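Trainee: Sequence first, then the predicted structure:
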Amino acid sequence: MRGFDAQADEHPGRAAFGRKVRVAAARATRISYAAVAAAGGAEPSGRTHRGLPRRAAGRRLLDSVKPMLGAIALGIALAITPEVADRLSIDLDAPSDCMDGNAVRAAIERYVGRDSFGPEVEDVEITISVRPRAASYLLAVDVTLPGGTVEREIVAASCPELVEAAGLMIAVALDPLRVATAVAPRVEPLQPKPGTPRETAAPPASKPAGPPAARPVRARPCDYLELGVGGGIEVGILRRVAGAARATVACTRSWLRIELAGGFSSPGRLRPFAERPEASIAIMAGGLGLRGCVALRIGPLEMPSCVGFEAGVVRGSGHGIATMRVSHRAWAAAVVGQGIAWFSRHRVGVFLQTEGVVTIVRPRFGVDGLGQGFAAGFAGFRLIAGPAVRL
């Protein structure tokens, strides 16, 4: 047994386990001797009863030894199964006069009992730290399980309370359902009063239910839903400086931003015919755009860089001619932009957006007898600013 003791000193749980094996074996031997003596079999020294033939005495001795061997094997088998607390790896950082590992393991055993646990319990790592305060102690327990980590903190006024709290928190982390059954108070069923019909007796109290199943949490498609309105100027596309208005709805998620915008350019007149100065063409445009942005965030500032596509309708009407006509033409353009926005902690802010526009479909208008009077520009520039709010 000396070699066994040298290995058991490496871990307190193994030393306790070795002691349990030796005590159980000795106890089983004493029980077996008592059983043999009661049965009238061989004495501990192995002598046979007087007056019995040698063969009958040997058979009697063999029959009496069998229960002894069975008791020894049973005692060792029971002791070989280590308790749950002895299979845990505990890293304890606490004052030695307040808490030690054996006290914590004993507290764990009081709550989990001898419930069965699989081999994965040996992979559990437990870290316990105790920090003294003015009139109390701060206990921090971290239990690293195969499926994640459980962290708990509690303040207690005395060391025994810390030990019990640590044992309960570790036991709950290992097996909440079995611990809930172990620590729940026992409720006795109500007995019917004398003379009360049997069928009216109160039913026995039901077992405490386990923790409710966690409801699945649906991931939101957007961190924020941003609404904004703005106004500014537009140059180049309509061959003049025009006012621009815009309303946007954007979905922001981490550094990505997807934006849907509707825009409108103010109407204006062009007088493109030198021979007919009174003739003019009124132009106005509107459309929808979809943009994808990558946003750089620095504190409350956000700087999105965007690429997108726009499409819409340009309306042209002739004035100062014999017959006024109104026509509509489709237009489309590619857009690149750079913006900057600031948002307060209340999710209200302002933005400034600059955009370059390159036309893909260029609308044109003309007047009979006077020729072409308008063609959209190849490229343009926009500057839009306004308030925004995040929901």
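Mentor: Sure thing, it's come through.

Trainee: And Met303, its phi and psi?
Mentor: Main-chain dihedrals, Met303, degrees, to the nearest 10: phi -120, psi 90.

Trainee: Look up which residues are beta-bridged to it.
Mentor: For Met303, the beta-bridge partners under DSSP bridges are Leu296.

Trainee: ok, it - contacts?
Mentor: By C-beta atoms under 8 Å, 6 or more residues apart in numbering, Met303 lies in contact with Ala295, Leu296, Arg297, Gln338, Gly339, Ile340, Ala341. Where you see a C-beta, it was placed from the backbone N, CA and C, and this is true even at glycine.

Trainee: do the same with Leu260
Mentor: Counting by C-beta under 8 Å, 6+ apart, Leu260 touches Thr248, Val249, Ala250, Leu288, Gly289, Leu290.

Trainee: Arg253: neighbour count?
Mentor: Using other C-beta atoms under 10 Å, Arg253 has 14 neighbouring residues.

Trainee: Wait, it touches Glu226, no?
Mentor: No. The pair Arg253 / Glu226 is not scored as a contact, 11.1 Å apart, by C-beta atoms under 8 Å.

Trainee: which residue ranges form the strands in the stretch 201-350 of the chain?
Mentor: Taking DSSP state E, counting those that start in this stretch as the test, the strands found in the stretch 201-350 of the chain are 224-235, 241-253, 256-270, 280-298, 301-319, 326-343, 348-361.

Trainee: Need those strands in CSV (columns: mean pLDDT and distance to Ala135).
Mentor: Formatted as CSV, the strands of the stretch 201-350 of the chain follow (pLDDT from 0 to 100; distance: least, C-beta to C-beta, whole Å):
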stretch, mean pLDDT, distance to Ala135
strand 224-235, 94, 45
strand 241-253, 93, 48
strand 256-270, 91, 51
strand 280-298, 92, 45
strand 301-319, 92, 46
strand 326-343, 93, 45
strand 348-361, 95, 46
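
Trainee: Would you reformat these as TSV and include distance to Arg382?
Mentor: Conversion of the strands of the stretch 201-350 of the chain to TSV gives the following (distance: least, C-beta to C-beta, whole Å):
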stretch	distance to Arg382
strand 224-235	5
strand 241-253	6
strand 256-270	8
strand 280-298	11
strand 301-319	10
strand 326-343	8
strand 348-361	4
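
Trainee: Ala107 is nearest to which of these?
Mentor: Ranking the strands of the stretch 201-350 of the chain by proximity to Ala107 (C-beta to C-beta) places strand 241-253 first, at 46.0 Å.

Trainee: Could you please name the strands the closest one pairs with and the direction of each pair?
Mentor: Partners of strand 241-253 in the sheet, by DSSP bridges, are strand 224-235 (antiparallel), strand 256-270 (antiparallel).

Trainee: Would you mind writing the CA trace of the first one as PDB?
Mentor: Looking back up the chat, that one is strand 224-235. Extracted in PDB, the C-alpha atoms of strand 224-235 (Å, rounded to 0.1, in the frame of the first residue of the first chain):
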ATOM      1  CA  TYR A 224     -30.800  49.300 -36.400                       C
ATOM      2  CA  LEU A 225     -33.500  50.500 -38.800                       C
ATOM      3  CA  GLU A 226     -32.600  54.000 -39.900                       C
ATOM      4  CA  LEU A 227     -35.000  56.500 -41.300                       C
ATOM      5  CA  GLY A 228     -33.700  59.800 -42.800                       C
ATOM      6  CA  VAL A 229     -34.900  62.700 -44.900                       C
ATOM      7  CA  GLY A 230     -32.700  65.300 -46.500                       C
ATOM      8  CA  GLY A 231     -32.300  68.000 -49.100                       C
ATOM      9  CA  GLY A 232     -29.600  69.500 -51.200                       C
ATOM     10  CA  ILE A 233     -28.500  70.300 -54.700                       C
ATOM     11  CA  GLU A 234     -27.900  68.400 -57.900                       C
ATOM     12  CA  VAL A 235     -25.600  69.500 -60.800                       C
END
